[in-house]
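Colleague: coords please:
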Amino acid sequence: MNGDHAPPLPALPTRDPTGHKGTFGTVAVVGGCALADARMFGAPALSARAALRAGAGLAKLVVPESLLDACISRTPSATARGLPTHADGALIANKAAEVFDDAVATADALVIGPGLGPPHTGAATLTLRALGQSDVPVIADADALNALAATPDFQPDMRAAAVFTPHPGEFRRLAETLRITCDPIDPAHRPAAAEAMALRLGVIIVLKGHNTVVSDGLRTWICERGHACLATAGTGDVLAGLIGGLTAQFVAPGPRTIGSVELPKPPGKPLDLFDAARLAVQAHAIAGETWAVEQSASGGMLAAELADLLPSVLEELRANASGD
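Modeller: Next comes the predicted model:
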């Protein structure tokens, strides 16, 4: 496959000038780890920030209880729900599942994985729970993908419309579990690698890196924008939140077909998940370029700075149907 068989980028849809928070959707971000030796709270906060900067009406952080204050202090415009944990920081499975289910019930998109921690702490359980429901689109990133790589035979339980956002290392770990041998690093083979995993799992694959590849297995698109400043901690969390924010606003939830009949898209939800993912990738790349020009620098960007550039970049994509 040639890795370039997708239609041009559509324009980003306009926002309803009479809309409200409910109109623009809720993104639930499930992440964070409370283990003493692997404490992580910046990643989910960055994803929530990016979802809000993408225009989502509400971002809801779903993190271990002990991390609530740390996460909210970094993204005070978000709301938060605490996941109960044992004394060592691992999730209490049944109680965490109840909180998770309540959060998903009121979400229009679900981002899972940023800073979620090792699979045995509850990351695998929540990831499988997210992918096992079919009402809310899922963006699986970082530790959610690592949890799947450590879970044999997870595919039969997958029902969600989903976007997976691996960097090459995460791709390799998941590919080994799936017995996919394509190279995610060699530019000549990256499109085929993304296509193979997308077809195997029935999801959208966003294979990150220079010239990020987005594929649903049949359509494949390569991002030609970007800058080396994006190669820094937290930018992947921003991308996951950005995809979530666009999905919550513009992608219709739930199954879109009955048998072989495709259902019409409801008003205000004109995008499919593939287009939402690649518009997010394009905006993320252009935001990196913008930072480099504004700062006259090739590195040193903070991920929060990247997130804060998104509103103006997204307006450019609304005005430019080609996204160039």
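Colleague: CA atoms for contacts and neighbours, from now on please.
Modeller: Noted.
Colleague: tell me the helices in the protein, going along the chain?
Modeller: 42-53, 68-74, 93-105, 123-132, 143-149, 168-178, 190-201, 235-250, 273-295, 303-308, 310-319 (DSSP state H).
Colleague: what about Met133, how many neighbours?
Modeller: Careful, residue 133 is Gln; it's not Met. Using other Cα atoms under 10 Å, Gln133 is surrounded by 18 other residues.
Colleague: Show the contacting residues for it.
Modeller: Taking Cα atoms under 8 Å, 6 or more residues apart in numbering as the criterion, Gln133 is in contact with Met158, Arg159, Ala160.
Colleague: quick one: Pro119 and Asn146 touch, right?
Modeller: Yes - at 7.3 Å, Pro119 counts as touching Asn146 under the criterion of Cα atoms under 8 Å.
Colleague: who has more neighbours, these two?
Modeller: Asn146 (25 against 20).
Colleague: who touches that one in this structure?
Modeller: Counted by Cα under 8 Å, 6+ apart, Asn146 has contacts Pro118, Pro119, Glu170, Arg173, Leu174.
Colleague: didn't the fourth one look like it was pressed against Ala149?
Modeller: Yep, that's Arg173 we're talking about. Yes - counting by Cα under 8 Å, Arg173 does reach Ala149; the two are 5.8 Å apart.
Colleague: thinking again about what came up before, output the helices of the chain in TSV; the columns should cover mean pLDDT.
Modeller: Shown next, in TSV, are those (pLDDT from 0 to 100):
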stretch	mean pLDDT
helix 42-53	98
helix 68-74	97
helix 93-105	96
helix 123-132	97
helix 143-149	97
helix 168-178	97
helix 190-201	98
helix 235-250	98
helix 273-295	98
helix 303-308	98
helix 310-319	94
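Colleague: can you put those helices in JSON lines and add distance to Leu12?
Modeller: Converted to JSON lines, the helices of the chain look like this (distance: least, Cα to Cα, whole Å):
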{"stretch": "helix 42-53", "distance to Leu12": "14"}
{"stretch": "helix 68-74", "distance to Leu12": "28"}
{"stretch": "helix 93-105", "distance to Leu12": "25"}
{"stretch": "helix 123-132", "distance to Leu12": "27"}
{"stretch": "helix 143-149", "distance to Leu12": "28"}
{"stretch": "helix 168-178", "distance to Leu12": "28"}
{"stretch": "helix 190-201", "distance to Leu12": "24"}
{"stretch": "helix 235-250", "distance to Leu12": "9"}
{"stretch": "helix 273-295", "distance to Leu12": "7"}
{"stretch": "helix 303-308", "distance to Leu12": "17"}
{"stretch": "helix 310-319", "distance to Leu12": "4"}
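Colleague: Go through those and name the closest to Pro8.
Modeller: Closest of the helices of the chain to Pro8 is helix 273-295, at 9.7 Å (criterion: Cα to Cα).
Colleague: Can you pull out the residues in contact with that closest one?
Modeller: With Cα under 8 Å, 6+ apart, helix 273-295 has contacts from 9-10, 12, 161-163, 204, 206, 212, 214-216, 221, 223, 225-227, 229-230, 239, 242-243, 246-247, 250-251, 298-299, 301, 306, 309-310, 313-314, 317, 323.
Colleague: From Asp101, how far out is Ala307?
Modeller: Distance, Ala307 to Asp101, by Cα to Cα, to the nearest Å: 28 Å.
Colleague: More neighbours: those two, which one.
Modeller: For Ala307 versus Asp101, neighbours defined as other Cα under 10 Å are more numerous around Ala307 (28 against 14).
Colleague: surely the more buried one meets Ala48?
Modeller: No - with contact defined as Cα under 8 Å, Ala307 does not count as touching Ala48 (9.8 Å).
Colleague: Just the buried subset of the contacts of helix 273-295, please.
Modeller: 9-10, 12, 161-163, 204, 206, 212, 214-216, 221, 223, 225-227, 229-230, 239, 242-243, 246-247, 250-251, 299, 301, 306, 309-310, 313-314, 317, 323 (16 or more other Cα atoms under 10 Å).
Colleague: related to what we said a few turns ago, for the contacts of Gln133, which entry has the maximal number of neighbours?
Modeller: Going by other Cα under 10 Å, Ala160 tops these with 22 neighbours.
Colleague: Look up phi and psi at that residue.
Modeller: Taking degrees, to the nearest 10, you get phi -70, psi 150 for the backbone angles of Ala160.
Colleague: Give me the distance between Phe164 and Gly32.
Modeller: Phe164 sits 18 Å away from Gly32, going by Cα to Cα.
Colleague: Alright, calling it a day.
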